[in-house]
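Trainee: Requesting a structural model of the entry that follows:
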Amino acid sequence: MRINSRQVEAFRAVMLTGAMTAAAETLHITQPAVSRLIRDLEYVLDLTLFHRRGNQVVPTAEANDLLAEVERTFLGLDRLTAHAENLRNKRSGSLRIAAMPAMAIHFLPHFIADFCRNRPDVDIQLDGIPSHSVVERVAGGRYDIGVCMASAERSSVSFSSITASAVVVLPNGHRLTKCTAIRASDLVNESIIMLGSGSDLRHGVETALRSIQYRRMIVASLSTSACSLVLAGAGVTIVDPFSARDFLGRGVAIRPFKPSIDVGYRVVHSQHRPLSRLAKQFMEDLLAYVALFLSQKPTRRR
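Mentor: You can find the predicted model right below:
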């Protein structure tokens, strides 16, 4: 014979209530049923757990020692139950997030801080890597969710588009800060800080500016570097609004570029690995956070 959970429950109830009858009420069974469970447990363990004195039961020393082990087991079960509840409520678990640097440096840390504020048992890993690597590693299962610039569909991943338009970043006091929007013709003879050739956004910017002459071109591989160059007085740049807005209040102005250039950002996850409840909530909240961010006028630094 082996110990079963019902015997252990009966033993614990008797120990905590001090009586067979009270234990039966706690377990919603009859008193004889509790007595039988205790007798069976004593038989299986080959231990005397209680001395019977009329209607009273007195625990033996072995029973007290056994209770300590049972309580540790029950505490573990309580923790397991609480953890499962947190998983159901999307308040526990772990997430691995990969993002292109333009999102990983400033924007996503702001969002993740908000997301984790009331989720103390959530662990998140955030890695900034190139866009093509984001797609490959999410497809390969190394990350749960990715944020990247991807122009081509892939059968191995699902895409959720982020609809956002590129903006012009200017030093404060620049002649174009008086404009509500900036067109290519406004940038004639300006020094243009261009993103690196590996950026899909660069292709859109080059297409928009192909009809004008500009003074010189400076290339920066990261949008944050491009904005820093603007801040240093090296020229103006056209980048994504997420990187640009972190520089507000630091000596730059932001204006929309017309006609609009879609930055082409996507949130991706694997088609072959189901998302956890926590990951689904992360994606839902992230897309809502992006929509709120883009709906606000860029009047202050985040």
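Trainee: C-alpha only now, for contacts and for neighbours.
Mentor: OK.
Trainee: Does His106 touch Asp246 like I think?
Mentor: Yes. Between His106 and Asp246 there is a contact under Cα atoms under 8 Å: 7.1 Å.
Trainee: pLDDT below threshold where in this protein?
Mentor: For the chain, the stretches flagged by pLDDT under 70 are 1, 55, 76-92, 151-153, 298-302.
Trainee: three-state assignment of Ile3?
Mentor: On the three-state scheme (DSSP: H, G, I helix; E, B strand; the rest coil), Ile3 is labelled coil.
Trainee: Please report how far it lies from Pro59.
Mentor: Distance of Ile3 to Pro59, computed by Cα to Cα, to the nearest Å: 19 Å.
Trainee: For these two, work out which one has more neighbours and name it.
Mentor: Pro59 (16 against 13; other Cα atoms under 10 Å).
Trainee: hey, what's that one bridged with?
Mentor: Here Pro59 sits in beta bridges with Phe50, as judged by DSSP bridges.
Trainee: Name all residues that make contact with it.
Mentor: Pro59 makes contacts with 15, 49-51, as judged by Cα atoms under 8 Å, 6 or more residues apart in numbering.
Trainee: quick one, helices of the stretch 1-150 of the chain?
Mentor: Assigned by DSSP state H, counting those that start in this stretch, the stretch 1-150 of the chain shows helices spanning 5-17, 20-27, 31-45, 61-88, 101-104, 107-116, 131-139.
Trainee: Relative to Ile212, which of those helices is closest?
Mentor: Ile212 lies closest to helix 101-104 among the helices of the stretch 1-150 of the chain, at 27.0 Å (Cα to Cα).
Trainee: Give me the distance from that closest one to the chain's centre.
Mentor: Centroid separation for helix 101-104 versus its chain: 15 Å, with Cα atoms, centre = their mean, to the nearest Å.
Trainee: Can you report phi and psi for Gln271?
Mentor: phi -80, psi -20 (degrees, to the nearest 10).
Trainee: again, but for Gly196
Mentor: phi -60, psi 160.
Trainee: Now do it against Phe50, distance only.
Mentor: For Gly196, the distance to Phe50 - Cα to Cα - is 79 Å.
Trainee: And for Arg266?
Mentor: Distance, Arg266 to Phe50, by Cα to Cα: 66 Å.
Trainee: now swap in Arg183 and tell me
Mentor: Counting by Cα to Cα, the gap from Arg183 to Phe50 is 89 Å.
Trainee: ok, now Ala208?
Mentor: For Ala208, the distance to Phe50 - Cα to Cα - is 88 Å.
Trainee: So if I had to pick from the two, which one is more boxed in?
Mentor: Neighbour totals were compared for Ala208 and Phe50, and Phe50 leads with 21 against 18 (other Cα under 10 Å).
Trainee: right, and the more buried one touches Glu62 too?
Mentor: No. The pair Phe50 and Glu62 fails to qualify as a contact (Cα under 8 Å) at a distance of 9.1 Å.
Trainee: Ala10 against Ala33, yeah?
Mentor: No. Using Cα under 8 Å, Ala10 is not in contact with Ala33; the gap is 9.1 Å.
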